[in-house]
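J.: Okay, sequence plus prediction incoming.
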Amino acid sequence: MASEVSYCLSWRVAVEANNARGWRIVPSQCVRYVENYMLGGQYSSDVDAVVDQMASYLEGVAVEDGEKDAWILDVDDTCLSNLPYYRERHFGGEPFDSASYKNWVMRGVCPAIPAVLGIYEKLIERRFHVFLVTGRDEELLGACTAENLAAQGFVGHQKLIMRSRAHRGHGAVPFKSAIRRQLVAEGYRIRGNVGDQWSDLLGDCVGDRTFKIPNPMYFVP
């Protein structure tokens with residue numbers, strides 16, 4: 001048992017360091033470990049630690065009058081949590097099912113991740129231009145996503161940007177890179193970029209600082 005826990009801890013560190021890539025499901029021997037991590041308090045503590053680093057960085061970033069100082073935040077498992085859904089999917093121990101996931105999202109009941117909501121509110125208070133950028137399909141999930149975000153307190157952002165028809169079939173890195181390039185072309189300076197996947201934080205125009213929210217339940221290329 002001790003060796004299994006040690007292996008699963010090392011596997012999770014490899015995921016967070018982006019050394020483990022392209023995995024489709026949580027290793028079977030690590031499902032219980034991921035469950036304990038997500039529900040036992042360590043996940044929340046790790047998210048708090050990331051947000052503390054964001055807050056520390058934010059103290060040294062001034063918003064210049066007339067400047068377009070921007071932050072980008074991912075939505076799924078960055079702003080809104082899919083943990084209730086993944087509890088029913090053995091915490092990533094089952095293959096991804098797009099149909100059941102879309103049905104879950106369309107319910108519009110994803111809860112906010114409290115620590116991220118707190119730093120989001122500080123960004124809005126500081127008058128940063130906040131963009132929420134998600135790979136969710138705009139045509140199918142646009143309305144329920146906007147309503148879910150608003151209901152959970154994510155209000156006041158500059159824009160919610162979702163995957164349009166033009167970006168269907170594109171991986172997360174090229175899709176989000178294209179969005180960031182467009183924002184930079186419009187004169188925005190990306191001061192911070194936050195996501196739970198490395199594909200949120202890699203590519204072009206990633207910003208002055210990136211912050212990775214932990215997520216050992218799934219991998220998005």
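T.: Looks like it came in fine.

J.: residues touching Trp23, list them.
T.: Each residue near Trp23 by C-beta atoms under 8 Å, 6 or more residues apart in numbering is listed here: Val15, Phe219. To be clear about C-beta, it is placed using only N, CA and C from the backbone, and glycine gets the same treatment.

J.: Checking my notes, it in a helix, right?
T.: No - counting by DSSP: H, G, I helix; E, B strand; the rest coil, one finds Trp23 to be coil, located in no helix.

J.: where does it sit relative to Leu201, distance-wise?
T.: For Trp23, the distance to Leu201 equals 18 Å [C-beta to C-beta, to the nearest Å].

J.: go on, His129?
T.: 19 Å.

J.: now for the helix or strand of the chain with the lowest mean pLDDT, which elements pack on it?
T.: Within the chain, no helix or strand scores below helix 2-16, which has a mean of 94 by mean pLDDT, DSSP states H and E. The helices and strands touching helix 2-16, judged by 3 or more C-beta pairs under 8 Å, 6 or more residues apart in numbering; DSSP states H and E, are helix 31-39.

J.: Now the next helix or strand after the helix it packs on - C-alpha only, PDB.
T.: Counting by DSSP states H and E, the next helix or strand C-terminal to helix 31-39 is helix 42-59. Extracted in PDB, the C-alpha atoms of helix 42-59 (Å, rounded to 0.1, in the frame of the first residue of the first chain):
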ATOM      1  CA  GLN A  42      -5.100  18.500  -0.100                       C
ATOM      2  CA  TYR A  43      -6.600  19.700  -3.400                       C
ATOM      3  CA  SER A  44      -8.200  22.700  -1.800                       C
ATOM      4  CA  SER A  45      -5.000  23.500   0.000                       C
ATOM      5  CA  ASP A  46      -3.000  23.300  -3.200                       C
ATOM      6  CA  VAL A  47      -5.500  25.600  -5.000                       C
ATOM      7  CA  ASP A  48      -5.200  28.000  -2.100                       C
ATOM      8  CA  ALA A  49      -1.400  28.000  -2.400                       C
ATOM      9  CA  VAL A  50      -1.700  28.800  -6.100                       C
ATOM     10  CA  VAL A  51      -4.100  31.600  -5.400                       C
ATOM     11  CA  ASP A  52      -1.800  32.900  -2.700                       C
ATOM     12  CA  GLN A  53       1.000  33.200  -5.300                       C
ATOM     13  CA  MET A  54      -1.400  35.000  -7.600                       C
ATOM     14  CA  ALA A  55      -2.300  37.500  -4.900                       C
ATOM     15  CA  SER A  56       1.400  38.100  -4.100                       C
ATOM     16  CA  TYR A  57       2.200  38.700  -7.700                       C
ATOM     17  CA  LEU A  58      -0.900  41.000  -8.000                       C
ATOM     18  CA  GLU A  59       0.400  43.200  -5.300                       C
END
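
J.: Could you list the low-pLDDT ranges of the chain?
T.: Of all residues in the chain, those with pLDDT under 70 make up the ranges 1.

J.: please redo it, this time with the cut-off set to 80
T.: 1-2, 65-66 (pLDDT under 80).
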